[in-house]
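**Student:** Sequence and predicted structure, then a few things I'm wondering about:
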Amino acid sequence: MTTKPTRRPTYYEEIRQKGYSRRDFMKFCSIIGAYMGLEATGVAQVANALQKTSRVPVIWLHFQECTCCSESFIRSSHPIVADILLDKISLDYTETLMAASGHQAEAAKAKTMKDYHGEYILCVEGSVPTKDDGVYCCIGGKSAIQVLEEAAEGAKAIIAWGSCACNGCVQAAHPNPTTATPIHKLVHGKPLIKVPGCPPIGEVMAGVIIHMITFGRLPELDRVGRPKAFYSKRVHDTCYRRPFYDAGLFVETFDDENAQKGYCLYKVGCKGPMTYNACGVTKWNGGTSYPIQSGHGCFGCSEENFWDNGPIYRQMANFPGFGIESNADEIGMVAAGATAVGIAAHAIATNLRKNKLINNVIAEGKDAEKEL
Amino acid sequence: MATHTATHKLRRVFVWELPVRFYHWLNALVIVALCATGYLIGSPPAFLSNAEASDQYLFGWIRFIHFVAAYLFFFNFLFRLYWGFVGNKYADWKNFIPTNRKFWSEMWEVIKIDIFLQKDKEHLSVGHNALAGFIYFLTFLAFLVQCITGFGLYASMSDWWFADMFVWVGGIFGGDFGLRNWHHAAMWFFIIFAMVHVYLVFYHDYVEGRGEISSMGGGWKFIEEEVFDKEKKKATH
Amino acid sequence: MGQRIVVDPVTRIEGHLRIEAEINNGKITDAYSAGTMVRLLEEILKGRDPRDAWAFVGRVCGVCTSVHSLASCRAVEDAIGVTIPPNAELVRNIMYCAQQMHDHVVHFYHLHALDWVDVVSALKADPKKTSEIAQSISNWPKSSPGYFSDLQKRLTKFVESGQLGIFANGYWGHPAYKLPPEVNLIGVAHYLEALEWQKEVVKIHAIFGGKNPHPNFLVGGMACAIGLDDVSGINAERLAYVHQLLQDAKEFIEQVYIPDLLAVAPYYLDWGAIGGGLGSYMSYGDLPTNGFADKSSMKFPAGVILNKDLSNIMEVDVRDDSEVQEFIHRSWYEYEGGDEKAGLHPWKGESKIKYTGPKPPYDHLNVEERYSFLKTPRWKGNAVEVGPLARVLIGYARGREDFKEVVDSTLAKLKVPVTALFSTLGRTAARGLESILVAQWGLEFYDQLINNLKNGDTRMANMEMFNPAKWDKTCQGVGYSEAPRGALAHWIVIEDQKIKNYQLVVPTTWNASPRDPNGKQSAYEAALMDTPVHDPEQPLEILRTIHSFDPCLACSVHVYDEEGKHISKVKVV
Ligand code: HEM
Ligand code: SF4
Ligand code: SF4
């Protein structure tokens, strides 16, 4: 089904044409390899892959989103996005950056879907509203569901960018008025990678793509479908403030003395202990910082339903099913209080209602006492 | 010197074997430890200080105690399940699961007498009464929930294959958020259970006067002769 | 007889926007702008902790990230009555400047440039001549003939690969592209350089807010505690980093962005008379230098100009319920009161959806009735345009020296009168002009921050009112900002420590909204009127004017003929 007009030059050829030596090329491969945590043999594999492959076509769809994922993607510092776009992938459709609009844009997408059927990577940013025939998100007069189904059909693999595509993100928060739905609930039977986060870290997004094009296969995924390379550790496990946590030294309120010393943010609501993400290691914006380093707790943006697991500034989450504002402790304390009252009432009632029985027992004992 | 009641003749019955008593007190101890440390993990106290983090490991110790107690709790619980098959008739698993009509009717009777306080009557059983047995069954389920959610949380902190067996748990609770929330909420079940449990032990001791409290010490209970005979008849049938 | 063209999706914007326009004799005679995506954050916010609102509304937009969080914090602070420390105000201002610079540069190069720069024509450029031109307009170092010829080779190979990626199906070769190949090549070079640069300036957000997009904010100040003697806090290293980034950004704006703008503009001076639209402008004001309560201290002054009358500047009051009102006459909503023509002040605003549009897939919307998910805001009943042009005109009309200097010198360089600003070109130029100012101000705020720290003031947050128990049982507040795309405000009503009502009126709502009950168009529709369209199949001119507003919603573009039939030959799959 594939129609390749001319043989496309491989990365290796491209890089040689650019005037780089083979040595430069191997160096580049080992940097990528090191970045992906590979042994020397893996580096050879990268080199091999880059010598053989040409640019992989990518279609990037936008649904209910805020474009922060696209923005984050262009923040990647290694590789930089200009190189990804010019040398590594062929981003044939993305509403954010593409030159064409309207039917020319749609035509570009259609061409890729036809020419590279079964070969292109489909990236999805945003959730899909399913209620009321999908009228809450329409592109080119079609509903998001229709657009997604068409594009998914010939995709080799699907990447769900960000919390919107992975779990609905903010628009799916209670009461989810537009029935914003994540991609894995709508598309079945295709390999799907979830890259959650609001947004995901730019270098993580680039890393996922680089992994797929250099190795020609999906990265290893965890039990919920996220690449293990970036989502296997909790923020808490890689947090540089962890020694303060272990010592029991906490920020009590923002900008207090402890905050200035950089103590652990657990008590002002840090959700790092429940959040699987690479923030503590890869950090943000080329390793500049990450939320905790800048004094604000993690609020769990890569976890399912994190908007409803708030509030942000309390370490205990709201308890499901008890309205928006009550946590397990509040419910527990009320229940324990009610139990104490019940016990007291029962004790009094026992003495009243069973007084004869009790008196008998007491009398029996007292009689015996007196007999001795 | 007026005698109000007929004096009772009491028989001494060996109810709780040593392993059961051992299980009970170890369980009580670790549950107190787990609740206390668990509560502190959930809401750490203010600890304003100028101390160097490298000199302290306070929170680390709290969590360490929680995890040690958690392992003890888990294996102790497993042991008790085992003893439910090899122990004496009062330790047997059938005491806990409503398997027949009689179980249900006895439960109803206990509810009428002990909860709604029907006057001047007492339900006199030897081991657990049916209601207590059933409630212990529910606590076992709670133990299970607590162990599964606990080890689910622990999986990401441990490299041991045993804890890693529980990685799947996060998935069914919607991630570690939900997991932690349920684990935390379940603590309140233990606290409330402990309150009611301790009260009822005193209640029985007070109302029945048969050495309920001390039975978990030496294993003995003192049973009225007529109850003894009734039970014996039941047993020989 | 006219043709109806539909542009859907409009790309290189944020969000989903659809334009339907009527063309007669090569000119647009009627235009409709429709937002086709909705998420209803207002409904989701109800009942939540007001202190969390900044995080929710931050997700309104990831392109103009941070601006909604800022407005939200200000709204809550206003409602609960808390004044933030001067340092927090300065940090917010510095982040504001970083955002403005980032947004404007990305808009110019990545969202707008391809409307003016023909990428394919750049292949024909002479690298040597390109280098000469580049060196004559700026002393930016990357301007050697070798640099441009390498780039050209890379570009040639890219084009020859047959995989045009994001440049596929552009309107290359369209007669409306007027630049010589050499200037096109400079444009492409800086497109790529700006792509690399933009990831740097936002590191300021990462330093103060932990990440970008979507940096963290805090009601009552900022969370980034000052810790001059600690490794974790904002210390000398972090501050030096911020300073470096601000300087680099200023350099890029002054040596790349502005020279490019001035090099491209002379070829498109006809666009100084196209796309003017409403001629009424509004700015809420922003960048406080003496606390947010002191409106007169703002670097961006507030005000309203009606009908291009620069001599009469009116004041705007976001609290007055007769000033800012939202109408839903032509939008897919309903108001409880049922009065179709009434406007509601946002404190009493409602967001109940009632979709009456066609069922997808559809070819066209029923523009005679309701046709958008955007509501229609009006200021005292007037349609106004918001954005960089509004800010620059208001600063200029108020006689502020800094504004006068940049505006007058630019007009002189281009040899055009001030009226040329009321146009598509004016909008694009104003964005550059205010970037020059913002780049300078960012460094001023930085110096003030250092000064405060020197004087021993290290406060970064005022936590006095952070505990909800201290709040009044019911309170309401409004927080506003001048976002990159214009006047933005959030209105909040708090009851029993929870959000009772939350309404946002965002810049793109002012500009892209449907008609009001009097049939009066909003800015996009008005600006499209009389725009020449050379080839309805390639609506490049529409994109130029629409992109000059820097839309912030997602859109799509189709082309229909008069009977509402697709005239595009490409089957849309
Ligand atoms: C009676 C039984 C138990 C009770 C009452 C209990 C209670 C608690 C509570 C209240 C918390 C704090 C939750 C929060 O962060 O809000 C906690 C945390 C935890 N518990 Fe338990 N727990 C019990 C048994 C267990 C068991 C059997 C395990 C298995 C390993 C376990 C493992 C954990 C872990 C890993 C944490 C999280 C600690 C951290 O965040 O560092 N718990 N427990
Ligand atoms: S996942 Fe979250 S962050 Fe990404 S586009 Fe969606 S709202 Fe923005
Ligand atoms: S700041 Fe958050 S992630 Fe870091 S140690 Fe404390 S609780 Fe864990």
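**Tutor:** Yep, it's here. Residues are numbered from 1 along each chain as shown, chains lettered A, B, ... in the order given. Ligands and ions are numbered 1, 2, ... in the order given.

**Student:** show me what contacts the closest residue to ligand 3 within the stretch 151-300 of chain C?
**Tutor:** Closest contact between the stretch 151-300 of chain C and ligand 3, by Cβ to the nearest ligand atom, is at residue C:232 (10.1 Å). In this view, the C-beta of every residue, glycine as well, is placed from N, C-alpha and C. Counting by Cβ atoms under 8 Å, 6 or more residues apart in numbering or on different chains, residue C:232 makes contact with A:240, A:241, A:261, A:262, A:293, A:295.

**Student:** Please narrow those residues to those residing in helices.
**Tutor:** Counting by DSSP state H, the contacts of residue C:232 place residue A:261 in helices.

**Student:** Name only those of the contacts of residue C:232 that count as buried.
**Tutor:** Neighbour counting with 16 or more other Cβ atoms under 10 Å in any protein chain shown marks A:241, A:261, A:262, A:293, A:295 as buried within the contacts of residue C:232.

**Student:** Looking at those, which one is closest to ligand 1?
**Tutor:** Distances from ligand 1 to the buried ones among the contacts of residue C:232, taken by Cβ to the nearest ligand atom, are shortest for residue A:241, at 14.3 Å.

**Student:** Contact partners for that closest one?
**Tutor:** Contacts here follow Cβ under 8 Å, 6+ apart; on that basis residue A:241 touches A:262, A:263, A:264, A:265, A:292, C:232.

**Student:** what about the fourth one, how many neighbours?
**Tutor:** By that I understand residue A:265. Residue A:265: 27 surrounding residues under other Cβ atoms under 10 Å in any protein chain shown.

**Student:** That one against residue A:294, yeah?
**Tutor:** No - contact criterion Cβ atoms under 8 Å: residue A:265 and residue A:294 do not qualify, at 10.5 Å.

**Student:** what's the helix or strand for whichever residue of chain A sits closest to chain B?
**Tutor:** Per Cβ to the nearest Cβ, residue A:332 is where chain A lies closest to chain B, at 3.0 Å. Element membership for residue A:332, per DSSP states H and E: helix A:328-353.

**Student:** any bit of that helix sitting next to chain C?
**Tutor:** No - shown here: helix A:328-353 not in contact with chain C (Cβ under 8 Å from any Cβ of the partner chain), separated by at least 14.0 Å.

**Student:** what comes up buried for the helix or strand following that helix?
**Tutor:** Following helix A:328-353 in sequence order, the next helix or strand is helix A:355-371 (DSSP H and E). Of all the residues in helix A:355-371, those buried under the rule 16+ other Cβ under 10 Å are A:357, A:358, A:360, A:361, A:364.

**Student:** per-residue pLDDT, the fourth one?
**Tutor:** Looking at residue A:361, its pLDDT reads 79.

**Student:** Just to check, it is in contact with residue B:210?
**Tutor:** No - between residue A:361 and residue B:210 there is no contact under Cβ under 8 Å: 9.3 Å.

**Student:** Please enumerate the shared neighbours of those two.
**Tutor:** If you check residue A:361 and residue B:210 against Cβ under 8 Å, 6+ apart, no residue is contacted by both.

**Student:** where does chain B dip in pLDDT?
**Tutor:** B:1-7, B:47-55, B:119-123, B:237 (pLDDT under 70).

**Student:** gap between residue A:365 and residue B:176?
**Tutor:** Distance, residue A:365 to residue B:176, by Cβ to Cβ, to the nearest Å: 55 Å.

**Student:** meant to ask about residue C:78, not that
**Tutor:** 36 Å.

**Student:** Quick check: phi and psi at residue B:43.
**Tutor:** Here is the backbone geometry of residue B:43 (degrees, to the nearest 10): phi -130, psi 80.

**Student:** just checking, it touches residue A:327?
**Tutor:** No - look at residue B:43 against residue A:327 with Cβ under 8 Å: they stay out of range, at 10.2 Å.

**Student:** shared neighbours, these two?
**Tutor:** Residues within reach of residue B:43 and of residue A:327 at once, by Cβ under 8 Å, 6+ apart, are residue A:316.

**Student:** So if I had to pick from those two, which one is more boxed in?
**Tutor:** The neighbour comparison of residue B:43 against residue A:327 (other Cβ under 10 Å) goes to residue A:327, with 19 against 14.

**Student:** picking up where we left off before, residues contacting the residue of chain A closest to chain B?
**Tutor:** Residue A:332 sits in contact with B:185, B:187, B:188, B:191, B:192, where contact means Cβ under 8 Å, 6+ apart.

**Student:** please redo it, this time with the cut-off set to 10 Å
**Tutor:** A:319, B:39, B:184, B:185, B:186, B:187, B:188, B:189, B:191, B:192 (Cβ atoms under 10 Å, 6 or more residues apart in numbering or on different chains).

**Student:** For whatever residue of the stretch 201-350 of chain A ends up closest to ligand 2, which three-state class applies?
**Tutor:** Residue of the stretch 201-350 of chain A nearest ligand 2, by Cβ to the nearest ligand atom: residue A:301 (7.3 Å). Using DSSP: H, G, I helix; E, B strand; the rest coil, the structure places residue A:301 in coil.

**Student:** For the residue of the stretch 101-250 of chain A found nearest ligand 3, give me the pLDDT.
**Tutor:** Residue nearest to ligand 3 within the stretch 101-250 of chain A: residue A:239 (3.1 Å; Cβ to the nearest ligand atom). As predicted, residue A:239 sits at a pLDDT of 94.

**Student:** I'd guessed it sits against residue A:278; true?
**Tutor:** No - contact criterion Cβ atoms under 10 Å: residue A:239 and residue A:278 do not qualify, at 11.8 Å.

**Student:** Tell me where chain C has strands.
**Tutor:** Assigned by DSSP state E, the strands in chain C fall at C:3-7, C:17-24, C:27-35, C:281-283, C:303-305, C:313-314, C:324-327, C:333-334, C:352-353, C:376-379, C:474-483, C:486-495, C:498-505, C:557-559.
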